[in-house]
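Q: Here is a sequence with its predicted model. Questions after.
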Amino acid sequence: MNLASNLSGSTAISSVSIHHLPHESKFVLKPNIRGLAKRMIYRLINYQILDGFSDAEVYCIIDTILELLKPAPAFIHMPAPVIIFGDTHGQFADLIRIIKRVDTPPKSRFLFLGDYCDRGRKSIEILILLFCYKLLYPKDVQILRGNHECSKMNRLYGFYEECRRTRGTQLWKKFQAVFNEMPLCCLVENRIITMHGGISPDIKGMETLYKLKKPKTHAECDTGVALDLMWSDPAAGADSCCSWQFNKMRNASWMFGTETVKEFCRLLNIDMIVRAHEVCRNGHMFYCDKLLSSHKTVLPDRSHEAHEMAKQSTSQTSTAAATETTQLNTAPLTTASSSSNDTSFSSLQTPPTLSSLTQSESTTSSITSEPITTKSSATAAPTTSKSTIDNSVTAVSTPTTSTGSIT
Ligand SMILES: [Mn+2]
């Protein structure tokens, strides 16, 4: 399957203007920072470490990405074809494994759907790698914000400790400033809308998204469309017939049913929603033919622990509680298939450090077989009609009737 290729036909010409983000075109990267970003990518890809780069050099990349992201709106566009990645959650080895399998920018485009930090042990490496790619190829790489790119979350779920342990808490603070500037939603080729969590009953049309402001405070992250884009989920089983219902599993935002997904696609005149935020056993799955969850994981379900954590951590606030369990990983939509098993990542994250948490979390697990079994097609489909999309959906033998486990 190559959704992006299927979309690159008839709208290619008209899409030029809508994908134009002026601030990215005007952005000029200083030669010394360009060189630094290239050296960092080389070391991260080949050695998977940032050792040898000073704090000042790491801060330089973060300060520059902040400068690049600041003018970006909360709702952005991107042309197809594009490789879409779900949650990475600090599992750097998995990200590298997939990046080595696909073309990297500028030969391809990358769209990341958020949740880069927490859970896994190498969130800093993931973020710095993505920042370097974004700096070098600003139009070819987009990085959306997930619910873990909020300080309330990543203070508790591993990222703060990782920063403190490796380079100090100042680094953690610098990352928060970047997170506040990340866009929340991306429209691919005018046909596929993407976000970390899901849709919102407050989205009344494209205008809502164009008017959306990037949330900069806890309060802004915890309300309205921004909250829903980062937190909502499709409903499973019998609940899927309901239109909107309170998301009890998250204790925040909404769950939406199959008809709601279809109505949303009609309302915005799009073909599909692609989101992450939940575990998908096979890496990605379809929901009522219109919503694709792109998320691979194989790690133990810790929802009970997470739920307890959420209850404790949100005793001061009523929204945006975390019920995410260990989850992983990147699931590119347009990659070629591979049937090889991969156990390259074998250990996970240090437990959260919230003093009230006394449970010791399992720290070992293994990644099972690579879930993507789709093949890229070099032939672009002639139209961008619904039938094109639906055909590409049905061509993939992935689960279609239930949502992934709550994460
Ligand atoms: Mn999430």
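A: Received the coordinates, thanks. Just so it is clear, the structure is predicted and the values come from calculations on it, not from any experiment.

Q: Quick one: residues contacting the closest residue to the ion within the stretch 251-400 of the chain.
A: As assessed by Cβ to the ion, the ion sits closest to residue 277 within the stretch 251-400 of the chain, at 4.0 Å. All C-beta atoms are positioned from the backbone trio N, CA, C, and that covers glycine. Shown in contact with residue 277 (Cβ atoms under 8 Å, 6 or more residues apart in numbering): 86-87, 113-115, 146-147, 196-198, 231, 233, 293, 295, 407.

Q: from the residues you listed, which are also near the ion?
A: Among the contacts of residue 277, the residues lying close to the ion (Cβ under 5 Å from the ion) are 115, 146-147.

Q: just checking, residue 68 is part of a helix?
A: Yes: counting by DSSP: H, G, I helix; E, B strand; the rest coil, residue 68 is part of a helix.

Q: Contact partners for it?
A: With contact set as Cβ under 8 Å, 6+ apart, residue 68 has these partners: 23-24, 27, 134-135, 138.

Q: again, only this time at 10 Å
A: 23-24, 27, 29, 131, 134-135, 138, 178, 181 (Cβ atoms under 10 Å, 6 or more residues apart in numbering).

Q: Which of those residues are buried, as a PyMOL select command?
A: To isolate the buried ones among the contacts of residue 68 in PyMOL, judged by 16 or more other Cβ atoms under 10 Å, type:
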select buried, resi 24+29+131+134+135+138+178+181
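
Q: Closest to the ion out of the contacts of residue 68?
A: Closest approach to the ion among the contacts of residue 68 (Cβ to the ion): residue 178, at 17.5 Å.

Q: counting contacts, what elements does whichever strand or helix holds that closest one pack onto?
A: Using DSSP states H and E, residue 178 sits within helix 169-179. When contacts are defined as 3 or more Cβ pairs under 10 Å, 6 or more residues apart in numbering; DSSP states H and E, helix 169-179 packs onto helix 55-69, helix 123-136, helix 151-154, helix 159-166.

Q: and if we set it to 7 Å?
A: If contacts are counted by 3 or more Cβ pairs under 7 Å, 6 or more residues apart in numbering; DSSP states H and E, helix 169-179 sits against helix 55-69, helix 159-166.

Q: Give the buried residues for that helix.
A: Neighbour-count burial for helix 169-179 [16+ other Cβ under 10 Å]: 171-172, 174-175, 178-179.

Q: Kindly report the same for stretch 203-216.
A: In stretch 203-216, counting by 16+ other Cβ under 10 Å, buried: 203, 206, 209, 212, 214-215.

Q: Only alpha carbons, please: show it as PDB.
A: Extracted in PDB, the C-alpha atoms of stretch 203-216 (Å, rounded to 0.1, in the frame of the first residue of the first chain):
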ATOM      1  CA  ILE A 203     -14.300  21.000  14.900                       C
ATOM      2  CA  LYS A 204     -17.100  22.400  12.700                       C
ATOM      3  CA  GLY A 205     -15.100  22.600   9.500                       C
ATOM      4  CA  MET A 206     -11.600  23.500   8.200                       C
ATOM      5  CA  GLU A 207     -12.100  27.000   9.500                       C
ATOM      6  CA  THR A 208     -11.900  25.700  13.000                       C
ATOM      7  CA  LEU A 209      -8.500  24.200  12.400                       C
ATOM      8  CA  TYR A 210      -7.200  27.300  10.600                       C
ATOM      9  CA  LYS A 211      -8.200  29.400  13.600                       C
ATOM     10  CA  LEU A 212      -6.700  27.000  16.000                       C
ATOM     11  CA  LYS A 213      -3.900  28.500  18.200                       C
ATOM     12  CA  LYS A 214      -1.100  26.400  19.600                       C
ATOM     13  CA  PRO A 215      -1.700  25.700  23.300                       C
ATOM     14  CA  LYS A 216       1.100  27.200  25.400                       C
END
